[in-house]
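*Asks:* Structure, please.
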Amino acid sequence: MRRDGVSDAMLELPHIDPALFDRPTLDRLLSRTPSLHAPRFLLLYGSLRERSYSRLLTQEAARLLESMGGEARIFDPAGLPLPDSAPDDHPKVRELRELAQWAEGMVWCSPERHGSMTGIMKAQIDWIPLALGAVRPTQGKTLAVMQVSGGSQSFNAVNQLRVLGRWMRMLTIPNQSSVAKAFLEFDDAGRMKPSSYYERVVDVMEELFKFTLLTRDAAPYLVDRYSERKESAEQLSKRVNQRSQ
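*Replies:* I've put the predicted structure just below:
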């Protein structure tokens, strides 16, 4: 028997709550007034060496983002404690988390060490929680991933960073940068030399900037989920029922 207000298509989904089911529409994606401020980017790098090529590459990325009209902030991981070895109000932890909330997009750049991202890189990501109270500091934000290698080109670190980006519920852009033999790609002043590697970095930052402009106002709607709406409704119902007893 057909229930009033329920379409024929919904009758084929007996396990769905019609009140919480969403039919995505273009109007809901485009209905928001676009933000006019400069896009905000947080950049993380994964080495503490005096001449850190991941830091130099990150600085090049920041210059590009600012030249495109964005606001870029680079987090210095020096002094950041290991995860779980210090309280959440540690100054470096607090700084990182505040920047994560401030940013609308991120760049993660790690050296590849033993076929993986560095522990310094992972520690920064581990200190950014999935939730801060009711705020999710990374969900729906854009992400670009990069790596530097001491030898031939590899993609182990960027592949792992992509997995972490997905876990942090970020919108990781398709393009990426992997700079091989990084010690040959920067001059004495720390600036990246002209090369196809440099041009790829330009491409990646351009793509990140565009994706951020496209998604930052729609991010709350893009990452809104049926399961979470259902969970929230059940929690609300439980609280209301408890108060009425």
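*Asks:* And the helices in this structure?
*Replies:* For the chain, applying DSSP state H gives helices covering 8-11, 26-30, 53-67, 91-102, 119-127, 156-167, 196-215, 219-222, 226-244.
*Asks:* now for the fifth one, which elements pack on it?
*Replies:* I take that to be helix 119-127. strand 40-45, helix 91-102, strand 105-111, helix 156-167 (3 or more CB pairs under 8 Å, 6 or more residues apart in numbering; DSSP states H and E). Quick note: C-beta positions are derived from backbone N, CA and C, even for glycine.
*Asks:* that older thread, among the helices of the chain, which is the most enclosed?
*Replies:* Of these, the one with the most neighbours on average (mean count of other CB atoms under 10 Å) is helix 53-67, at a mean of 21.
*Asks:* Centre of the chain to that one, how far?
*Replies:* 17 Å (CA atoms, centre = their mean, to the nearest Å).
*Asks:* for this protein, which spans come out with low pLDDT?
*Replies:* Applying pLDDT under 70 to the chain flags the ranges 1-11, 31, 133-135, 234, 236-245.
*Asks:* go again using 90 as the cut-off
*Replies:* 1-34, 129-137, 152, 218-245 (pLDDT under 90).
*Asks:* how about the residue nearest to residue 128 when sequence neighbours are not counted, what does it touch?
*Replies:* Among residues not flanking residue 128 along the chain, residue 100 sits closest, at 4.8 Å (CB to CB, 6 or more residues apart in numbering). By CB atoms under 8 Å, 6 or more residues apart in numbering, the residues touching residue 100 are 42, 106, 128, 137, 138.
*Asks:* Give me the distance between residue 160 and residue 197.
*Replies:* Applying CB to CB, to the nearest Å, the value for residue 160 to residue 197 is 20 Å.
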